[in-house]
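Participant: Quick one, what's the 3D model for this:
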Amino acid sequence: MVDDPEDVAFLQGLVKLHSAPEKVIGPGARHFLARVNVSGCNDNRCFWVLRNDDTFDDFSGRSA
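Facilitator: From the prediction side, this is the model:
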């Protein structure tokens, strides 16, 4: 779980830059996590959001 306040603030800002931030956050973000995505990301570590309704999803953005 990402629990450092500066890291949480960074991830909140990152989500705002996502092409569909409302889809990522849904009913609100409870926690952010960094964990392995075993489906489709070659087992790479990804950022995940745990939403207030106990659902979760990974998110990423395009690099410039």
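
Participant: can you tell me which residues contact Ala29?
Facilitator: For Ala29, the contact set (CB atoms under 8 Å, 6 or more residues apart in numbering) comprises 12, 15, 49-52. The C-beta positions use only the backbone N, C-alpha and C, and glycine is treated the same way.

Participant: the strands in this protein, which residues?
Facilitator: 29-36, 45-51, 56-59 (DSSP state E).

Participant: With distance to Ala20 and mean pLDDT added, can I get the ones you listed in JSON lines?
Facilitator: Shown next, in JSON lines, are the strands of the chain (distance: least, CB to CB, whole Å; pLDDT from 0 to 100):
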{"stretch": "strand 29-36", "distance to Ala20": "14", "mean pLDDT": "90"}
{"stretch": "strand 45-51", "distance to Ala20": "12", "mean pLDDT": "90"}
{"stretch": "strand 56-59", "distance to Ala20": "9", "mean pLDDT": "86"}
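
Participant: biggest helix in the protein by residues?
Facilitator: The single longest helix within the chain, with elements called by DSSP state H, is helix 5-16.

Participant: Give me the angle between that one and strand 29-36.
Facilitator: Helix 5-16 runs at 90 degrees relative to strand 29-36, counting by axes from the mean of the first three to the mean of the last three CA atoms, to 10 degrees.
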